[in-house]
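S.K.: Following is a predicted model, sequence given first.
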Amino acid sequence: MITLGELLHGTDEDFIVNLYLAALGRWPDDAGFTHHLGLIAGQPEARAGLVQALRNSEEAQQRRPAILSDPTPVAAEQALAAQLRLRTQVLHAALAERRPPSAEAQPSALAGELMALGTALDGLRTELNERIAALEATLAGRVPPAPALSPAISLDYVNDQVEQAQAPLLRRIRALERRLIELGEAPTGS
């Protein structure tokens, strides 16, 4: 709720936006914004009449306008706080309408597939870490002692073996990650 005294503050443009939000519960469309702005541009005394006209519109009658008729002038800070509250309330309502139902309430096929891919990805990461640990343990005994092979060559050999073991698993992980990204960008049907 916002009082008439709080609503009348601000620029003409802000006034039109706030009036639409309070009276109609929505942002103004381009044509309505331009039309109403033309009616009050540079004429602050015309604002109260526009409030009454919009409150009496058919669209406003279908919902309860959030404007209290109190025309008492208020400090600019109080008006700005009320206008911010109004915009925040409308934004929260709009977000609530667009928020998808919780996954527990109505699991969709897409949500199920995303969960399955996430689980598969986690499994691959675990498998990759286990294989690397096993490979490192195996290679630890097979690396020639330092006098026969320099430490740099030994390290390169071990790294090459680890990379060869990682490559197939990394390809699988990347394919799953690409699929997750594709699913995240796919239209949800709404």
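M.R.: Received, thanks.
S.K.: Without its sequence neighbours, what residue ends up closest to His9?
M.R.: Take His9 and drop its neighbours on the chain: the residue closest to it by Cβ to Cβ, 6 or more residues apart in numbering is Ala79, 3.5 Å away. Placement of C-beta: from N, CA and C, glycine included.
S.K.: Can you give me the neighbour number for that neighbour?
M.R.: Counted by other Cβ atoms under 10 Å, the residues lying close to Ala79 total 20.
S.K.: pLDDT weak spots in this structure?
M.R.: Judged against pLDDT under 70, the low-scoring parts of the chain cover residues 99-107, 138-155, 184-190.
S.K.: Can you pull the domain assignment for it?
M.R.: Following automatic domain parsing, the chain resolves into domains at 2-98, 109-185.
S.K.: Quick one: distance of the shortest one to the chain centre.
M.R.: So that's domain 109-185. Centroid displacement of domain 109-185 relative to its chain, using Cα atoms, centre = their mean, to the nearest Å, is 33 Å.
S.K.: what does the longest one give?
M.R.: Centroid displacement of domain 2-98 relative to its chain, using Cα atoms, centre = their mean, is 26 Å.
S.K.: how far does it stretch from start to finish?
M.R.: Counting by Cα to Cα, to the nearest Å, you get 25 Å between the two ends of domain 2-98.
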